[in-house]
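**Q** Model the following, please.
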Amino acid sequence: MESNKLSDCIINKNVNYIPIWFMRQAGRYLPEFREIRKKNKDFLKLCFNPELSAEISLQPLQRFDLDAAIIFSDILTVPYGLNQSVNFVKGQGPILQDLDLEKTLETTTENFSKKIEPSYEAIKLLKKKLSKNKALIGFLGAPWTLLVYMFHKKSPKSEMKIEDFFKNKKKIDKVLEKLVEVLCVHIDNQIKAGANTIQIFDSWAGILNKEDLPHYCYEPTIKLVNHIKSKKIPVICFPRGIKENYAEFVKTVKPDCVNIDYDINPEWAKNNFGGLPIQGGLDPKLLLQEDNNIEKHVSKYLNVFKNYPYIFNLGHGVLPETKPETILKIIEIIKNTK
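**A** Residues are numbered from 1 along each chain as shown. As a prediction, this is how the structure comes out:
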């Protein structure tokens, strides 16, 4: 296993140092990213441009003293790899075409890998340019979250009724099984290309009812977590929005580290996760406040997790309105905390 501050915290539970990185650290809040985006309107094409993807992934590390780079890509490259068309529409987000079940289920793992090969090339390029002491995070959407996008065909933010979604459970279960199969290959490809940590984003786990969590969230994720562990690579899970079910998730899924969202009380997490390394938690909206307020909120997390294996991050991605100076300020606060 490659040694870096992130893996040292996760695997060795080292509490002498707080590693720092931010979800969406490469993104719209950075003027240098906006410059690239201006010239590259098609988001998916940008994700599949290895040179630009690697460059964008490095941008935050050229500005800030961070401990990890996360590859610039998107969880929806996976449905695309399974022959479902994906478009990113300004002001609407991702729009997917109708799912062709036969086409999806017949996609071989070879064809899947080939279709999204540029993503892996980007990781190889990033690996070459990244300092050896920095973690390189590969990532994927959890099977449940990908199912939601593939069947609902867009973000389920407001109008998705969960009971309607489950009208064809047989079809859903077939796709769920297929997703676990290709995601294991997707993980392998990212590790082969140079990723030395994997994060699983279950962005829509919170819309599941408690009784549906085992089948749609825990069980498929356990398969992926065990697969990643077999590769001797640390795995971080982020089952966003599952509230008090986080404790059951941690006990059942057994990731190496868990990212908490901003609805989770950090004190409760520390006392209920059996000493498991914890990442994140701070509400990204708080980064839009005054400096003294930001310091108060950052210090709260640092105090709660003093002498506990903790990675500083947020409870969701950096918002586009965030000032780069705020990220700098937060890093300074953490580095100056004794």
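**Q** Can you report how many residues lie near Gly280?
**A** By other C-beta atoms under 10 Å, the residues close to Gly280 number 27. To be clear about C-beta, it is placed using only N, CA and C from the backbone, and glycine gets the same treatment.
**Q** swap that for Gly206, please
**A** Residues near Gly206, counting by other C-beta under 10 Å, number 16.
**Q** go on, Ile10?
**A** 24.
**Q** thought it was touching Pro309?
**A** Yes: here Ile10 reaches Pro309: they are 7.1 Å apart, a contact under C-beta atoms under 8 Å.
**Q** shared neighbours of these two, anything?
**A** The overlap between the contact sets of Ile10 and Pro309 (C-beta atoms under 8 Å, 6 or more residues apart in numbering) consists of 257, 277.
**Q** which intervals of this protein have sub-threshold pLDDT?
**A** Along the chain, segments meeting pLDDT under 70 span 158, 338.
**Q** top helix in it by residue count?
**A** Assignment by DSSP state H gives helix 169-193 as the longest helix of the chain.
**Q** Now do the buried residues in it.
**A** Using 16 or more other C-beta atoms under 10 Å as the test for burial, helix 169-193 gives 172, 175-176, 178-180, 182-191, 193.
**Q** Report all helices and strands that that helix contacts.
**A** helix 77-81, helix 101-106, helix 109-115, helix 117-129, strand 135-141, helix 143-152, strand 197-201, helix 219-230 (3 or more C-beta pairs under 8 Å, 6 or more residues apart in numbering; DSSP states H and E).
**Q** 7 Å instead?
**A** helix 77-81, helix 101-106, helix 109-115, helix 117-129, strand 135-141, helix 143-152, helix 219-230 (3 or more C-beta pairs under 7 Å, 6 or more residues apart in numbering; DSSP states H and E).
**Q** and the longest one, which residues are buried?
**A** The one in question is helix 117-129. Of the residues in helix 117-129, 118-123, 125-127 count as buried by neighbour count, 16+ other C-beta under 10 Å.
**Q** what does stretch 151-162 rub up against?
**A** 93-96, 99, 148, 165, 172, 204, 207, 209 (C-beta atoms under 7 Å, 6 or more residues apart in numbering).
**Q** Straight-line length of it, end to end?
**A** Using C-alpha to C-alpha, to the nearest Å, the end-to-end distance of stretch 151-162 comes to 12 Å.
**Q** from now on call the first residue 357
**A** I'll keep to 357 as the first residue from here, and by that count the last item is stretch 507-518.
**Q** chain center to it: distance?
**A** Relative to its parent chain, stretch 507-518 has a centroid offset of 20 Å by C-alpha atoms, centre = their mean, to the nearest Å.
**Q** Based on its surroundings, how many neighbours for Asp456?
**A** 13.
**Q** tell me the contacts of it?
**A** Listed by C-beta under 7 Å, 6+ apart, the contact set of Asp456 reads Asn439.
**Q** isn't Thr433 right up against Cys403?
**A** Yes: taking contacts as C-beta atoms under 7 Å, Thr433 lies within contact range of Cys403: 6.2 Å.
**Q** Which one of these two is surrounded by more residues?
**A** Cys403 (24 against 20).
**Q** Quick check: that one vs Pro622, distance?
**A** 33 Å (C-beta to C-beta, to the nearest Å).
**Q** Kindly report the same for Lys527.
**A** 40 Å.
**Q** In JSON lines, list the buried residues of helix 473-485 along with distance to Lys394.
**A** Formatted as JSON lines, these follow (distance: C-beta to C-beta, whole Å):
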{"residue": "Pro474", "distance to Lys394": "21"}
{"residue": "Ser475", "distance to Lys394": "22"}
{"residue": "Tyr476", "distance to Lys394": "26"}
{"residue": "Glu477", "distance to Lys394": "24"}
{"residue": "Ala478", "distance to Lys394": "20"}
{"residue": "Ile479", "distance to Lys394": "25"}
{"residue": "Leu481", "distance to Lys394": "22"}
{"residue": "Leu482", "distance to Lys394": "22"}
{"residue": "Lys483", "distance to Lys394": "27"}
